[in-house]
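[1] Build me a model from this:
(one chain, ligands or ions: 1)
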Amino acid sequence: MPATGLNVSRLRCEYLVAPLGLDERVPRLSWIIESDRRGARQIAYRVRVTSTPEKLAAGENDCWDSGRVGSNQTTHVVYAGRPLRSRDVCHWCVEVWDEAGHTARSEASVWTMGLLEKGDWSARWIAADPGIIKRDPEAIAATMTEPGTPTLFRKQFDITGPIKRATVYASARGLFELNIGGRRVGQDVFAPEWTDYDKRIHYRTYDVTSLVNRGRNVIGAMLGDGWWSGYVGWQATRARYGSLENSLLVQLEVELADGKRLTIGTDGTWTCNTGPILSSDFMMGETYDARREQVGWDGTDFVGRDWLSGREVAAPAVPLIAQRSEPVRVVETSVPVSVNEIRPGVFIYDLGQNISGWVRLRLKNIPAGTRVVLRHGERLNPDGALYTENLRQAKATDVYICKGGGEEVWEPHFTFHGFQYVELTGLPFAPGKDAVTGCVVHSATPPAGHFECSHAGVSRLWLNGLWSQRDNFITVPTDCPQRDERLGWMGDAQVFLRTASYNMDVAAFFTKWMIDVEDAQTADGIFPDTAPRLREGENFVGLDGLCGAAGWADAGVIVPWTIWRVYGDKRIIERHWQAMTAWLDWIERHNPAGLRARELGNNYGDWLCIPTDTTFRTHSPMKNLLATAYWADDAAKLARMARELGRETEAKRFQAMFEKVRTAFQKEFLREDGRLTVETQTAYLLALAFNLLPDNARARAAEHLVANIQALDWHLSTGFIGISHLNPQLTLAGHADVAYRLLLRDDYPSWLYPVKHGATTIWERWNGWTEKDGFFNPQMNSFNHYSLGSVGEWLFRHVAGIELDPEVPGFQKFVLRPFIGDGLDFARASYRTMHGEIASGWKRDGSKLAWSVRIPANTMAMAFVPSRPDSAVTEGGMPVEKAAGLRVTGREGNFLICEATSGAYTFASSL
Ligand code: BGC
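    Residues are numbered from 1 along each chain as shown. Model (predicted):
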């Protein structure tokens, strides 16, 4: 912190730090201000954007100078300078003023624009010459059921003068890995990321100035299958977008010091060959024969006489789009906690954590040709052998064939697995523990939150939710990473979204995915159940297939709503406005009376509740209740968003729709005595959460809910849909004690039951494994599905008490309100918002409570201090009324309410 006590940092453009190759023509800029002083506020800012760093330093603001703007805005400041063009490099910084007269200037940051016009691409799409497979006796020709041998491409070129800057733009139908001069370009894996290839294809931009040399250079590219041509979902065939042929697009642009520009693009002069990877597929795994490595294939000394020419193929008809979210990376590595030889030559490694990714294999002095087989699984059978039955058709098997001599280190390229255990076989002698390293792979969304408390099991429960998020956020939010599924299931994503946003900064990730969701919407306005959409087969949206299910398709409204609420992002609701209204209009067209009982698609209901009902397409009063409740809530959300967008007529229309549906809900499902006609926990939860009951019926409904829980001997029975509402609604209805009671149970069914039995991620179902029955039917039994982990939201919102303001989005104003429950002695959480980090931690000692909070500069909070009505509340040892930065505004039951300006506070009170 500088002497002025004011600092401005964390400059981001479209949520990303120094992004390259944006195609958002009017990007938004954000920063945070930091100050230890209570009440520090930004009163003005000035953003300057220039085309070179020198100009930024000299104050020659040739792109944009906002001038001094009197405002406390630090997020989503819309660029308003000269129109941005392809390849623009924008250097920027911000200067801020606070209310005490201090000023601070940020370090410089940068973003660059990508290729905005179709004509910017001179490179041609190329594919392999099929001759490379035919002439290679070991190579495998890909079929609709068998993954084939990936292609290597190379191109040699000369650069005559000194280089100023080199940028490479790359895309593929398939997955690419690029090298220049034998050095890896970027650290991304699985690029370009998954989209509906019939609608758009991503490209990536990399600054490769440090990789390109004056003189001779070589670009090498490896091209794999991925979502484009490999297995996706549970389908029996590959190539879900219609083609087995992968193709590559690379455009390297070199700016020379003398101002000349050189472009090296893929075309028929690139050569291709097969390489050491014999086959590779996300679900099936990778086979790699290290004896086939052509040393230096991507270097300048390599001749490659027998390489064949690449083949130019037709460019896709759809637009190329810049990737706008964090790339997938190896984010972490982990070492095994144990290795066990269960049978002669069969070694089981335990990573101690269920992860997504792969193994880095490290071997020494193994004879050439040794075939090492790695199989992956989430659990072990009782006899200690690997349990793989629940992977269904996914083989999840990697094979490494050694080249022999010295040390060999290998990782697969175009596959990933969901696993905690690895079975290693094929070695002539016992491998050491260091033969296996787990590589944790996921979209590199920045960490945002941390939670811990005095109960080790609950802390682990939170961590298990975080791990399931990490393991499943792989370019899109998937249901599970291990079996032959891994789809962007919308119901799972929406119930977990608030939890996800506390755990990680998921703004860019969901902004990207929401485009996939809209791409998958049918012409009639039906949102899908999974996104991105897959072509053909039973996944074909519009063929009465995967679309329109209540609680799943409704994510098309819930995602923009939540990203707006959590990140203050208005653009996402503007962008998807038409899509959201088309969806509601479609529901209404088919259900004019306000009860949503028709056109419910696969109609999953409260998926995996107890007793479970996993029938599809069937109807029941509970499913109608659930669907109607979601429709009402969609309408209420649209009414509120319409107001935000200044669409008053639509605000009225959707408010009226909400009221109509609410009335129909009460008529159909609410009985005179305040009970619902469908008596499940989820029915009561939805009625409460979505405000579907008359005010005077709410308290009774909450009592019926509690009675239901009590009748099950204080156990939960909700499935995916009800679970995220369970503890929040109990708490808000005055039954926090019941919420804590449910949280702390560890017998079946409960959140802590899996934790007690060693879970390191969230299980798909409450009974994934039980002492009584062992593993559930492997046909649908993942140990890594985040939905039931949506209790993470409650841990942040109500246990630590970090909650959104009911009206103001984006956490510039927020609520701090912890509910202290029996069974925990302390709980603390931190949460990095768009405005900086909020922290809240409490500790109780008998009836004494100490509560510390941190409120970021330029924000304020309504702090609800837990305290007995007649007791004294202090802050920093002084009566709270005297504390600087605080204003006591009243009391609500066992909470003293204070308006708190930014800064750190320590409250003491009696419970
Ligand atoms: C998936 C889900 C999904 C569900 C729909 C399952 O196969 O794994 O998590 O939401 O189908 O009912």
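
[2] Look at the closest residue in space to residue 320 that isn't next to it in sequence and say how many residues are nearby.
    Spatial nearest neighbour of residue 320, chain neighbours left out: residue 203 (5.0 Å); criterion: C-beta to C-beta, 6 or more residues apart in numbering. (C-beta placed from N, C-alpha, C; glycine too.) By the criterion of other C-beta atoms under 10 Å, residue 203 has 23 neighbours.

[3] Surely residue 203 is in contact with residue 167?
    No: the criterion here is C-beta atoms under 8 Å, and residue 203 misses it with residue 167 at 11.8 Å.

[4] hey, what's in contact with both of the two?
    Both residue 203 and residue 167 are in contact with residue 21, where contact means C-beta atoms under 8 Å, 6 or more residues apart in numbering.

[5] Helix or strand for residue 658, just tell me which one.
    Residue 658 belongs to helix 648-669 when assigned by DSSP states H and E.

[6] does the residue nearest to residue 320 count as helix, strand or coil?
    What DSSP: H, G, I helix; E, B strand; the rest coil gives for residue 203 is strand.

[7] And the pLDDT at it?
    If you check residue 203, the pLDDT there is 98.

[8] again, but for residue 538
    Residue 538 carries a pLDDT value of 50.

[9] same question, residue 3
    Residue 3 is assigned a predicted lDDT (pLDDT) of 60.

[10] could we number from 49 for the rest of this?
    Noted, 49 is the first residue going forward, which turns the last one into residue 51.

[11] which parts of the stretch 149-298 of the chain sit against the ligand?
    On the criterion C-beta under 6 Å from any ligand atom, the ligand has no neighbours in the stretch 149-298 of the chain.

[12] List the contacts of residue 785.
    Going by C-beta under 8 Å, 6+ apart, the list of residues near residue 785 reads 869-870.

[13] Where does pLDDT dip in the chain?
    Scanning the chain for pLDDT under 70 picks out the ranges 49-51, 584-593.

[14] And stretch 924-936, what's buried?
    928, 931, 933-934, 936 (16 or more other C-beta atoms under 10 Å).

[15] List just the nearest of those residues to residue 745.
    residue 936 (33.6 Å; C-beta to C-beta).

[16] so what's that closest one closest to, chain neighbours aside?
    Nearest to residue 936 is residue 946, by C-beta to C-beta, 6+ apart, at 5.2 Å.

[17] need the helices for the stretch 599-748 of the chain, in chain order.
    603-615, 618-623, 625-638, 669-692, 696-717, 729-737, 743-759 (DSSP state H, counting those that start in this stretch).

[18] in the second one, what counts as buried?
    Which is helix 618-623. 618-621.

[19] Count residues in the vicinity of residue 285, would you?
    So residue 285, with other C-beta under 10 Å, has 11 neighbours.

[20] give the contact list for the closest residue to it other than its chain neighbours.
    For residue 285, ignoring the flanking residues on the chain, the nearest one in space by C-beta to C-beta, 6+ apart is residue 192 at 4.5 Å. Contacts for residue 192 (C-beta under 8 Å, 6+ apart) come out as 285-287, 292.

[21] Of the residues you listed, just say which sits nearest to the ligand.
    Set against the ligand, the nearest of the contacts of residue 192 by C-beta to the nearest ligand atom is residue 285 (18.4 Å).

[22] gap between the closest one and residue 194?
    11 Å (C-beta to C-beta, to the nearest Å).

[23] okay, now the closest residue to residue 576 other than its chain neighbours: neighbour count?
    Of all residues not flanking residue 576 in the chain, residue 568 sits nearest, at 3.9 Å (C-beta to C-beta, 6+ apart). Residue 568: 27 surrounding residues under other C-beta under 10 Å.

[24] Figure out which of the helices of the stretch 599-748 of the chain is closest to residue 71.
    Using C-beta to C-beta, these put helix 618-623 closest to residue 71, at 13.8 Å.
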